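S.K.: Need a 3D model of the following:
(one chain, ligands or ions: 2)
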Amino acid sequence: MSEKSILRNSATDPNKILPMKYKWARQHYKDGVSNNWTPEEVNMQQDVEQWKAKDFLTEDERRVVMWNMGFFSTAESLTANNIVLVIYKHVTNPECRQYLLRQAYEEAVHTDTFIYCCDTLGLDPEEIYTMYETIPSIHEKDEFVINMTKSIMDPNFEIKTDADVQEFVHDLVGYYIIMEGIFFYAGFVMMLSFLRQQKMVGVGEQFQFILRDESVHLAFGADLINEIVKENPTIWTDEFKNDITDKIKKAVELEIAYARDALPRGILGLNVEAIEQYVRYIADRRLERIGLVKVYGDENPFPWMSEIIDLKKEKNFFETRVTEYQTGANLDWE
Ligand code: FE
Ligand code: MN
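M.R.: Ligands and ions are numbered 1, 2, ... in the order given. Predicted coordinates:
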């Protein structure tokens with residue numbers, strides 16, 4: 001029997017999950033399951049009152065809410081389509097596929113979250129769901145990711161040569177490292193800052209749940225990339241590493257442009273310079289996570305973001321009510 005490998009292995013039986021080789025994929029699956037949640041669990045009553053009140057939120061605050069709804073509402077679907085139509089097709093290993101099914105479900109929950117927010121707040125869906133076309137700095141982020149994956153979207157694309165493996169890893173970097181690992185994060189900081197200020201707390205909690213899911217998606221994507229590189233070491237040329245690093249640097253520029261546009265003046269104790277620093281800081285973490293040399297050397301200006309990501313089960317970080325969203329075997333009654 002030939003050794004299991006993720007790509008280019010005709011011996012892989014997608015229906016035979018045991019014995020399992022990639023234990024990290026199994027662990028990410030379990031971590032996903034233990035973070036189970038649905039948007040309807042979050043009460044939006046106070047948000048509705050704050051959103052409808054004439055002067056509770058400033059114009060700039062409303063703009064940040066709208067822009068992040070606009071960006072995330074379509075970005076979640078973009079990611080889901082890429083997983084199902086491209087990644088699932090080529091990653092035939094069963095334990096990785098089990099995780100991809102879990103992730104696809106979570107992306108459906110995230111898509112549902114923005115439907116729920118639009119419905120409860122009475123936002124104009126035509127405005128929200130066209131922002132990826134009408135707002136240039138949102139459009140550019142989406143286009144950048146789509147362009148990184150053009151060639152493998154071709155239905156005739158097959159993974160045979162090292163160049164094909166590079167194309168595929170390039171796609172994984174586009175979606176996991178750049179879309180989920182960089183392009184989501186200025187938005188996360190903005191929306192979680194609302195939560196810290198007790199404004200639009202329901203929306204902020206929804207983003208907090210999404211952030212926790214996304215941090216697992218990102219970890220899976222990085223492990224998948226690292227495993228493919230380990231199994232195909234000849235693809236990891238200096239030229240390819242430079243190409244990926246350059247793409248990540250370009251993504252940092254686009255994310256900073258988005259933050260400047262969404263938040264032209266400081267609000268909620270945030271200023272654009274701090275968000276720019278945060279984007280550079282997380283880009284360095286992403287580079288290191290896939291074995292590349294960091295570029296920027298910034299400190300984390302928002303250490304509270306790491307605490308939110310790391311807290312698995314706790315009294316809600318900002319609120320008085322207890323948030324208990326671990327379920328099943330991982331539930332830990334106190
Ligand atoms: Fe998502
Ligand atoms: Mn995701």
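S.K.: Show the pLDDT at Tyr22.
M.R.: Tyr22 is assigned a predicted lDDT (pLDDT) of 96.
S.K.: surely Ala259 meets Glu276?
M.R.: Yes. Ala259 is in contact with Glu276 according to Cβ atoms under 8 Å; the separation is 6.7 Å. Any C-beta I mention is one placed from the backbone N, CA and C, and that applies to glycine too.
S.K.: longest single helix anywhere in the protein?
M.R.: Counting residues, the longest helix found in the chain (DSSP state H) is helix 201-231.
S.K.: Could you list the buried residues of stretch 124-133?
M.R.: Across stretch 124-133, burial judged by 16 or more other Cβ atoms under 10 Å covers 128-129, 131-132.
S.K.: Check what contacts the host helix or strand of Met191 and list those residues.
M.R.: Per DSSP states H and E, Met191 falls inside helix 185-196. For helix 185-196, the surrounding residues in contact (Cβ atoms under 8 Å, 6 or more residues apart in numbering) are 61, 64-65, 68, 71-72, 200-201, 203-205, 207-208, 210-211, 214, 255-256, 258-259, 262-263, 268-270, 275, 278-279, 282, 302, 304-305, 308, 317-318.
S.K.: from the residues you listed, which would you call buried?
M.R.: Using 16+ other Cβ under 10 Å as the burial test, those include 61, 64-65, 68, 71-72, 200-201, 203-205, 207-208, 210-211, 214, 255-256, 258-259, 262-263, 268, 270, 275, 278-279, 282, 302, 305, 308, 318 as buried.
S.K.: for ligand 1, what are the nearby residues on this protein?
M.R.: Proximity of the chain to ligand 1, by Cβ under 5 Å from the ion, involves residues 76, 107, 110.
S.K.: okay, now Phe184: neighbour count?
M.R.: By other Cβ atoms under 10 Å, the residues close to Phe184 number 27.
S.K.: I'd guessed it sits against Glu214; true?
M.R.: Yes. Between Phe184 and Glu214 there is a contact at 5.7 Å, judged by Cβ under 8 Å.
S.K.: Let's see the pLDDT reported for Phe207.
M.R.: Looking at Phe207, its pLDDT stands at 95.
S.K.: Could you pull up the contacting residues of it?
M.R.: Residues near Phe207 by Cβ under 8 Å, 6+ apart: 68, 187-188, 191-192, 195.
S.K.: redo that, cut-off 6 Å
M.R.: Contact analysis of Phe207 by Cβ atoms under 6 Å, 6 or more residues apart in numbering lists Met191.
S.K.: how about the strands in the stretch 201-334 of the chain?
M.R.: 314-315, 322-323 (DSSP state E, counting those that start in this stretch).
S.K.: can you give me the mean pLDDT across the last one?
M.R.: Spelled out, it's strand 322-323. 42.
S.K.: shaky segments in the stretch 201-334 of the chain?
M.R.: Along the stretch 201-334 of the chain, segments meeting pLDDT under 70 span 311-334.
S.K.: Now it against ligand 2: closest residue?
M.R.: Among all residues of the stretch 201-334 of the chain, His217 sits closest to ligand 2, at 3.9 Å; criterion: Cβ to the ion.
S.K.: end to end, how far does stretch 197-204 reach?
M.R.: Stretch 197-204 stretches 10 Å from its first residue to its last (Cα to Cα, to the nearest Å).
S.K.: Which strand or helix spans the closest residue to ligand 1 within the chain?
M.R.: In the chain, no residue comes nearer to ligand 1 than His110, which is 3.8 Å away by Cβ to the ion. Assigned by DSSP H and E, His110 belongs to helix 94-121.
S.K.: Run through who's touching whatever helix or strand comes next after that helix.
M.R.: Sequence order places helix 125-128 as the next helix or strand after helix 94-121, per DSSP H and E. Outside helix 125-128, the residues within contact range by Cβ under 6 Å, 6+ apart are 69-70, 73, 118.
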